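Novice: With the sequence up front, the predicted model follows.
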Amino acid sequence: MDWRAHYREHLVTAERAVAHIESGDRVVVHHACAEPTALIDAMVARAEAYSDVEIVHMVPMGRAPYCAPGLEPHFWLNSVFNGGPTRKAIAEGRGDYTPVFFHQFPQLLRTALPVDVALLNVSVPDGRGYCSLGVGVDYSLAAAQAAKKVIAQINPQMPRTLGDCFINVTDLDAIVEVDAPVIELAPPNVSAVEAAIGRNCASLIRDGDCLQLGIGAIPDAVLRELGSFKDLGIHSEMFSDGVVDLVERGVVNNAKKTLHRGKSVATFLMGTRRLYDFVDDNPTVHMAGVDYVNDPRVIGQNDNLVSINSCVQIDLQGQVVSSSVGLRQISGIGGQADFVRGAAMSRGGRSIIACPSTAQGGRISKIVPFIDQGSAVSTMREDVEYVVTEHGIAHLWGLTLRQRAEALIGIAHPDFRDDLVAEYARRFGS
Ligand code: COA
């Protein structure tokens, strides 16, 4: 059937569209800033019509109204990355967390977690009926391909990103026209501590490197230090506005990349309208599923890949905790292990774990003798390479347990070094 006829036949209101969802369904929601808020609101407004609908979602950038108290009989959250609105829901038992490497999440959706319904927020179709998944390709494309039913908001404000990121109108079971802003993430404020971490990380970067940066103030602080670099490339799970500045200044040009030369590669994007306009119809930005972008074997094909990610706690052996505080699941592993391992496979690659030396306003040290009981290790001591704080750089790769402890004490906050030295003496003598 001609895609235009399919479009007309399947065009409905949001209320009619979410009536395709049935009790007991597993519903996978388009990721992060691509969240289809009109469809979510319509689904939650119809809560009484459903029981036991499982919502599978990664970083929630909207309000996540499906996990509000009182909706437990209707919706249950299966999270692979907790954020502000879902942390509390998980802690209070209105959902649960599934540990999975980000690059393997699409495979999970194709096998152990079969998808009944995918809820998407896509660009308007092109002349052949193809809609772009815009700022969220990640697991969302795999969910759409695996789902029994696909419900999509067609949104003229969703940028038409390019790459392996399209779905045809003929694959949509319900179409809702929604002209709504794509969720934005404002650039973070960078503190003096984060600026110092940014300088230390930048000292490990060389002209021609290919970068992966996570979300937040530390990646932004690093990008601000790179103004005088040349020929940098991007192969990153995500990127935000900071990369646009460096492209405009000619610092990021992807000229030295050994995979997708000339293109910045990402699987999702989080930023302001400026970023979304930059990626719209831009052939120098290649978007693809996370099972490709974050596959360590793909990452490793980029020479000189430098990954920079953050953490919650590191023990004196170099075990890195990034997604939990004891048994409290505060986020998820995301692509941290994917990129640490991919960087290790990259010729000339380097992986950096960068964090402030303290947490909670300086009251506790992030470098500790033992990780908290119940915490999950995200980067194993065998995988960890560089650890950076505002006090310096510890290169742990190849060091013994004693040498690691010494190196980490050297970049801990001075207020906590005496305690760490006492623990060192207990373990190793003085
Ligand atoms: N002990 C106790 N609590 C701690 C802590 C510690 N050592 N370190 C952080 N926390 C708490 C903070 O107080 C805060 O709690 P609150 O929100 O209740 O105040 C929470 O944990 C988050 O800490 P914060 O420092 O604000 O986090 P952040 O926004 O800088 O993010 C990570 C840091 C590690 C949580 C984040 O980078 C992450 O989730 N990483 C794992 C995923 C990843 O690396 N992905 C890679 C590509 S995107």
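Specialist: Received the coordinates, thanks.
Novice: Could I get the contacting residues of residue 369?
Specialist: Residues near residue 369 by CB atoms under 8 Å, 6 or more residues apart in numbering: 315, 316, 419, 420, 423. To be clear about C-beta, it is placed using only N, CA and C from the backbone, and glycine gets the same treatment.
Novice: what's the spacing between it and the ligand?
Specialist: For residue 369, the distance to the ligand (CB to the nearest ligand atom, to the nearest Å) stands at 13 Å.
Novice: start the count at 29, not 1, going forward
Specialist: I'll keep to 29 as the first residue from here, and by that count the last item is residue 397.
Novice: quick one on the thing from earlier: only whichever of the contacts of residue 397 are buried, select them in ChimeraX.
Specialist: Burial among these is assessed by 16 or more other CB atoms under 10 Å; the matching ChimeraX selection reads:
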select :343,344,448,451
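Novice: what two of the contacts of residue 397 have the greatest distance between them?
Specialist: For those, the farthest-apart pair by CB to CB is 343 and 447; their separation is 13.2 Å.
Novice: Tell me which of the contacts of residue 397 fall in strands.
Specialist: Among the contacts of residue 397, the residues falling in strands (DSSP state E) are residue 343.
Novice: Give me the nearest residue to whichever residue of the stretch 129-278 of the chain sits closest to the ligand, chain neighbours excluded.
Specialist: Here the stretch 129-278 of the chain gets closest to the ligand at one residue, residue 242, 3.6 Å apart by CB to the nearest ligand atom. Spatially, and ignoring its direct neighbours in sequence, residue 242 is nearest to residue 337 (4.9 Å; CB to CB, 6 or more residues apart in numbering).
Novice: pLDDT value on the one you found, please?
Specialist: Per-residue pLDDT puts residue 337 at 97.
Novice: give me the beta-bridge partners of it?
Specialist: Note on residue 337: beta-bridge partners residue 381, judged by DSSP bridges.
Novice: Check what contacts the strand or helix carrying residue 273 and list those residues.
Specialist: In this structure, residue 273 sits in helix 269-276 according to DSSP states H and E. Applying CB under 8 Å, 6+ apart, the contact partners of helix 269-276 are 215, 241, 247-248, 251-252, 254-255, 260, 262, 280-281, 292, 299-300, 302-303, 306, 312.
Novice: Can you select the buried ones from these in ChimeraX?
Specialist: If you want just the buried ones from those in ChimeraX, going by 16+ other CB under 10 Å, the selection is:
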select :215,241,247,248,251,252,254,260,262,280,281,292,299,300,303,306,312
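Novice: Now, the contacts of helix 269-276 that are in strands?
Specialist: Filtering the contacts of helix 269-276 for strands - DSSP E - leaves 241, 262, 292.
Novice: Where is pLDDT lowest across those residues?
Specialist: pLDDT across the ones in strands among the contacts of helix 269-276 is lowest for residue 241, at 91.
Novice: Which residues of the chain lie near the ligand?
Specialist: Contact residues (CB under 6 Å from any ligand atom) of the chain with the ligand: 242-244, 265-266, 337-341, 350-351, 353, 358-359, 361-364, 387-388, 392, 394.
Novice: how about a cut-off of 8 Å?
Specialist: Contact residues, the chain versus the ligand (CB under 8 Å from any ligand atom): 109, 112, 115, 130, 240-246, 265-266, 337-341, 349-351, 353, 358-364, 367, 383-384, 387-388, 392-394, 396, 400, 406.
Novice: Low-confidence stretches in the stretch 129-278 of the chain?
Specialist: Within the stretch 129-278 of the chain, not a single segment meets pLDDT under 70.
Novice: Helices of that one, start to end?
Specialist: Here the stretch 129-278 of the chain has its helices, by DSSP state H, counting those that start in this stretch, at 133-138, 168-174, 220-230, 245-252, 269-276.
Novice: For the last one, buried residues please.
Specialist: In this case it means helix 269-276. Buried residues in helix 269-276, counted by 16+ other CB under 10 Å: 269, 270, 271, 272, 273, 274, 275.
Novice: what's the angle between that helix and helix 245-252?
Specialist: Counting by axes from the mean of the first three to the mean of the last three CA atoms, to 10 degrees, helix 269-276 points 10 degrees away from the direction of helix 245-252.
Novice: so how far is helix 269-276 from its chain's centroid?
Specialist: Helix 269-276 has its C-alpha centroid displaced from the chain centroid by 19 Å (CA atoms, centre = their mean, to the nearest Å).
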